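In: For reference, the sequence and a predicted model appear below.
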Amino acid sequence: MAAWKTKGGSDASPSSKSSNKRKFNNNGNKDSTEESANSKKRALKHARQSRRPYFESVLSAKELWNKLRVKTNTPQDNKSIMVDLMSLLTGKFHRVAMQHDASRVVQAAIQFGDDDQRSVIVKELCESGNMVELAKVQYAHFVILKLIKYCYKDSMKIKLIVKALKGHFSKLAVHAVGARVVELLFSMFPPKLTTQLKLEFYGPRFTLFSDSGEMQKTSSHPTLSSVIKSQPLGEPAALEHVLSIINKGIKKSLYSFAYFQQILCEYVTSASSNDVRSLASSIADHSIHLLSTKAGARVVAECTAYGTVKDRKKILKSLKGYTRSSLMHADAYIAILRILDVVDDTVIVQKSLLAELLILPEDKSDKVKIDVTGTPLEQSGDKVDVNRSTLLDLALSETGSKLFLLLLAKTEVKRKKYFDPAELQILHPNPVVIQNKEEVPTSKKNSNTRRAELLQFMKEALVQLCISHSNVLLRSRCGSKVIREICEAYPDKDLISAIADTCGDYTNRKELPILEDPIGQMTIKNMILFESENQSKEDFNKVSVAQVLFETFKGKLLEKIGFSNRGAFVLAAMTAAVPEVNEELSSNIQEVQIIMDGSSKSNAGYHALMKAIDGQAKS
């Protein structure tokens, strides 16, 4: 029979557990010895609590609190209870809120009280001089959180709270408990009313002279760069003060707070590259916690750009396992792009980040093995869906697709086409640090070489993605950019044939044919125009979209491609890329004219087609 371990660690049978339970006598009543001990404990607790301020009032208030929190109460019931509660605690709120077992009573009073009652509580707490202390106490700070939550729409109450915290805000921001108050305050209160508090982050110089003409020119959303611009002589002091707050916040592990991430972002974008490098070593291990906001992602990107090789490895280690979710995040993706853009060790990038993208996001209990192309393999004799792709969700995503576009866009013109100015500012080329009064690049490899190595790792999976899902990609605004760039970089015959087959597929009546789809038709047309403009290049001598389309639908071009106005635009583009197209269409020019005459809708595409045929004939 299996032995049982008692709390002390010795073996005992299950029956010995009864020794840890309450003892009862033969009549079913508690043992008198245990009951006596419990009575003494209760008496001691009562004696201890009776020495607290306003003990009798708090005791009565707790009874009202128990009634107030009943969910079946009517508004009238709550109103009646609140009248009694306010009469008990008015003038005592600031002392009662400090008690760990009574602070919940004050929280309930704020929650269920009306506007006038909240005004009384706010005024008393703010004018007591203990507001900052309340914000630092484990239980009492919940009272301040309730004030912020239920008073954020009242400007007068906001001003009272801000005034009570003024002068102590930078210390409160790096307090383990007070940080929660700062976080909620910045997220709930209007920025215009918290300007005075935020200026404390930059040092006393800026709070003292906040009413000066230069400071008035700054916006209601002050940042480190804006206050330095208003007072250039205060730059060293401001940077030093912000850095001291950052160092204290790092010791308290405040990385997940949005306001702290904002302070970090302002510092790394205003300080010198060497200062950012010095800070990177402290932040690198906690990079994953910074990716929840735009500011935090910018911090990781800047630390990656200016950090040492050791710092970059720490950042990669921190983000390992979160590549896919980061790329699908509205803000975090930029940090992943920056890593790909500056880290010279492409092998570790492939193993730590890119390899994760070739695994389907499945539960560990039901993981599907994937080969290098991203195609699921059979497991345990069971067949899996071979049409599933590990990269499809990324290619169709606004942020995830930018990973592929970053690697595929070889020219600066294309980078400006696919990335907005804010992204290009973060992804600026050739970051440098100062060593021995000389600028030294933080990356040794050429950016094109680095991207080519990463792209080679992804090449097979990308081509297979486009072959298997050309229909979906061509209809997507983001996916169409990816498939077009892949076709230009790797004009694979199977890939181009898959696109041609997709153009000729009319079996699904629930969706428009590709050549009638607004995005699909435009993508095919632009691919053909690009080929015609670059047909002298060797890359397009082997295979092209226009040539494969012509060979696939030869003799039926007008029927299969030019059956609609949008399809006519594609045919017009093909006439310049493939001379044989013009020959076939010239013999069917009367059919084109009949379609134009019989169409009641817009026929701009057919006009463009007629113009292209005439232009080719004259040339």
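Out: Nice, I can see it. What you see is a predicted model; the values in this text were computed from it and never measured. Numbering: from 1, shown residues only.
In: Would you tell me which helix is longest in this structure?
Out: helix 447-468 (DSSP state H).
In: Export that helix to PDB, keeping only CA atoms.
Out: Output of helix 447-468 as PDB, limited to C-alpha atoms (Å, rounded to 0.1, in the frame of the first residue of the first chain):
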ATOM      1  CA  SER A 447      23.000  45.600 -46.400                       C
ATOM      2  CA  ASN A 448      22.300  44.000 -49.800                       C
ATOM      3  CA  THR A 449      24.700  41.100 -49.000                       C
ATOM      4  CA  ARG A 450      22.900  40.600 -45.700                       C
ATOM      5  CA  ARG A 451      19.500  40.500 -47.200                       C
ATOM      6  CA  ALA A 452      20.600  38.200 -50.000                       C
ATOM      7  CA  GLU A 453      21.800  35.700 -47.400                       C
ATOM      8  CA  LEU A 454      18.600  35.800 -45.500                       C
ATOM      9  CA  LEU A 455      16.500  35.600 -48.700                       C
ATOM     10  CA  GLN A 456      18.400  32.600 -49.800                       C
ATOM     11  CA  PHE A 457      17.300  30.800 -46.700                       C
ATOM     12  CA  MET A 458      13.600  31.800 -47.400                       C
ATOM     13  CA  LYS A 459      13.700  31.400 -51.200                       C
ATOM     14  CA  GLU A 460      12.300  27.900 -51.500                       C
ATOM     15  CA  ALA A 461       9.500  28.500 -49.000                       C
ATOM     16  CA  LEU A 462       8.500  31.800 -50.600                       C
ATOM     17  CA  VAL A 463       8.300  30.300 -54.100                       C
ATOM     18  CA  GLN A 464       6.300  27.300 -52.800                       C
ATOM     19  CA  LEU A 465       4.000  29.800 -51.000                       C
ATOM     20  CA  CYS A 466       3.200  31.600 -54.300                       C
ATOM     21  CA  ILE A 467       2.700  28.400 -56.200                       C
ATOM     22  CA  SER A 468       0.300  26.900 -53.700                       C
END
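In: That one: what's the following helix or strand?
Out: As assigned by DSSP states H and E, the chain's next helix or strand after helix 447-468 is helix 470-475.
In: next one: that next one to chain centre, how far?
Out: The chain centre lies 26 Å from the centre of helix 470-475; the measure is C-alpha atoms, centre = their mean, to the nearest Å.
In: What is it packed up against?
Out: helix 477-489, helix 493-503, helix 518-533 (3 or more C-beta pairs under 8 Å, 6 or more residues apart in numbering; DSSP states H and E). Just so you know, the C-beta spots here come from the backbone N, C-alpha and C atoms, and that holds for glycine as well.
In: In TSV: these, plus mean neighbour count, distance to residue 67 and mean pLDDT.
Out: Shown next, in TSV, are the helices and strands packed on helix 470-475 (neighbours: other C-beta atoms under 10 Å; distance: least, C-beta to C-beta, whole Å; pLDDT from 0 to 100):
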stretch	mean neighbour count	distance to residue 67	mean pLDDT
helix 477-489	21	57	94
helix 493-503	19	69	90
helix 518-533	20	62	90
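In: Show me the helices in the stretch 201-350 of the chain, by range?
Out: Using DSSP state H, counting those that start in this stretch, the helices of the stretch 201-350 of the chain run over 204-208, 213-216, 224-230, 235-251, 258-270, 273-283, 294-306, 309-319, 323-327, 333-342, 346-352.
In: Could you look up the SS state of residue 153?
Out: coil (DSSP: H, G, I helix; E, B strand; the rest coil).
In: before we move on, back to that, let me have the helices and strands packed on helix 470-475 in CSV, extended by distance to residue 80.
Out: Shown next, in CSV, are those (distance: least, C-beta to C-beta, whole Å):
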stretch, distance to residue 80
helix 477-489, 59
helix 493-503, 71
helix 518-533, 63
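In: ok, now which ones touch residue 257?
Out: Neighbouring residues of residue 257 by C-beta atoms under 8 Å, 6 or more residues apart in numbering: 179, 182-183.
In: cool, and residue 121?
Out: 93, 106, 109-110, 113, 147.
In: Can you show me the helices along the stretch 1-150 of the chain?
Out: 32-50, 55-68, 75-89, 93-96, 103-112, 115-127, 131-136, 141-151.
In: For residue 278, which of those is the nearest?
Out: Among the helices of the stretch 1-150 of the chain, helix 131-136 comes nearest to residue 278, with 30.1 Å by C-beta to C-beta.
In: any low-confidence regions in the chain?
Out: 1-32, 40-53, 209-220, 362-388, 535-542, 597-602, 615-619 (pLDDT under 70).
In: the domain parsing of it - what is it?
Out: Per automatic domain parsing, the structural domains of the chain span 52-165, 506-619.
In: Identify all contacting residues around stretch 442-454.
Out: 305-307, 340-344, 346, 349-350, 354, 406-407, 410, 429-433.
In: List the buried residues in that stretch.
Out: Neighbour counts over stretch 442-454 (16 or more other C-beta atoms under 10 Å) mark 442-443, 450-451, 453-454 as buried.
In: list the contacts for residue 531?
Out: By C-beta under 8 Å, 6+ apart, the neighbours of residue 531 are 540, 544-546, 577.
In: So which of those sit within helices?
Out: 545-546, 577.
In: Surely residue 487 touches residue 530?
Out: No: taking contacts as C-beta atoms under 8 Å, residue 487 lies outside contact range of residue 530: 9.1 Å.
In: Please report phi then psi for residue 434.
Out: As for residue 434, its main-chain torsions (degrees, to the nearest 10) stand at phi -100, psi 120.
In: now it, which residues is it bridged with?
Out: With DSSP bridges as the criterion, residue 434 is bridged to residue 439.
In: what's the distance between residue 489 and residue 127?
Out: Note on residue 489: its distance to residue 127, by C-beta to C-beta, to the nearest Å, is 68 Å.
In: With residue 524 instead?
Out: For residue 524, the distance to residue 127 - C-beta to C-beta - is 71 Å.
In: do the same with residue 154
Out: Distance from residue 154 to residue 127, by C-beta to C-beta: 16 Å.
In: swap in residue 321?
Out: From residue 321 to residue 127 the distance is 51 Å (C-beta to C-beta).
In: Report the contact partners of residue 270.
Out: Applying C-beta under 8 Å, 6+ apart, the residues contacting residue 270 are 224-225, 228, 239.
In: Quickly check these for the two that are furthest apart.
Out: 225 and 239 (10.8 Å).
In: So for the two, which residue has more residues nearby?
Out: Comparing residue 225 with residue 239 by other C-beta atoms under 10 Å, the one with more neighbours is residue 239, at 19 against 15.
In: Quick one: closest of the helices of the stretch 1-150 of the chain to residue 264.
Out: helix 131-136 (22.1 Å).
In: what packs against that closest one?
Out: helix 141-151, helix 155-165, helix 169-172, helix 178-188.
In: Would you format the ones you listed as CSV with distance to residue 265 and mean neighbour count included?
Out: Below are the helices and strands packed on helix 131-136 laid out as CSV (distance: least, C-beta to C-beta, whole Å; neighbours: other C-beta atoms under 10 Å):
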stretch, distance to residue 265, mean neighbour count
helix 141-151, 23, 22
helix 155-165, 23, 18
helix 169-172, 17, 20
helix 178-188, 14, 20
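In: so can I have CSV of these showing distance to residue 572?
Out: CSV is the format used below for the helices and strands packed on helix 131-136 (distance: least, C-beta to C-beta, whole Å):
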stretch, distance to residue 572
helix 141-151, 62
helix 155-165, 62
helix 169-172, 65
helix 178-188, 54
